[in-house]
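S.K.: Could you work out the structure for the sequence below:
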Amino acid sequence: MIQIFLNSLVAALIASAFLTTAISALSSGDRSLAKVPARVRKQRHPNSDRRS
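M.R.: Okay, the predicted model is just below:
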């Protein structure tokens, strides 16, 4: 009986966390369209200039 209650409690907590995340993501949808500056590094292959 206690396991059923605890499982229900855990399921309710997971559902509330999911709903909170979904609501906050949907309410901040405008922020996801903003461009974020990112640095792009040139890829260097350290073994490309010496051959064995």
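S.K.: okay, and for the chain, where does confidence drop off?
M.R.: For the chain, applying pLDDT under 70 flags the ranges 29-36, 45-52.
S.K.: What distance do you get for Ser8 to Ile14?
M.R.: 11 Å (Cβ to Cβ, to the nearest Å). (C-beta placed from N, C-alpha, C; glycine too.)
S.K.: What is the burial count for Thr20?
M.R.: The tally of other residues near Thr20 (other Cβ atoms under 10 Å) stands at 10.
S.K.: Where do the helices of the protein begin and end?
M.R.: 2-27 (DSSP state H).
S.K.: residues in contact with Ala22?
M.R.: By Cβ atoms under 8 Å, 6 or more residues apart in numbering, Ala22 lies in contact with nothing.
S.K.: now Thr20: how far from Ile14?
M.R.: 11 Å.
S.K.: Same question for Gln43.
M.R.: For Gln43 relative to Ile14 (Cβ to Cβ), the value is 41 Å.
S.K.: Specify which residue of these two has the higher count of neighbours.
M.R.: Under the criterion of other Cβ under 10 Å, the comparison of Gln43 against Ile14 puts Ile14 first, with 10 against 5.
S.K.: Return the distance of that one relative to Arg39.
M.R.: Counting by Cβ to Cβ, the gap from Ile14 to Arg39 is 37 Å.
S.K.: what's the answer for Val10, then?
M.R.: Applying Cβ to Cβ, the value for Val10 to Arg39 is 42 Å.
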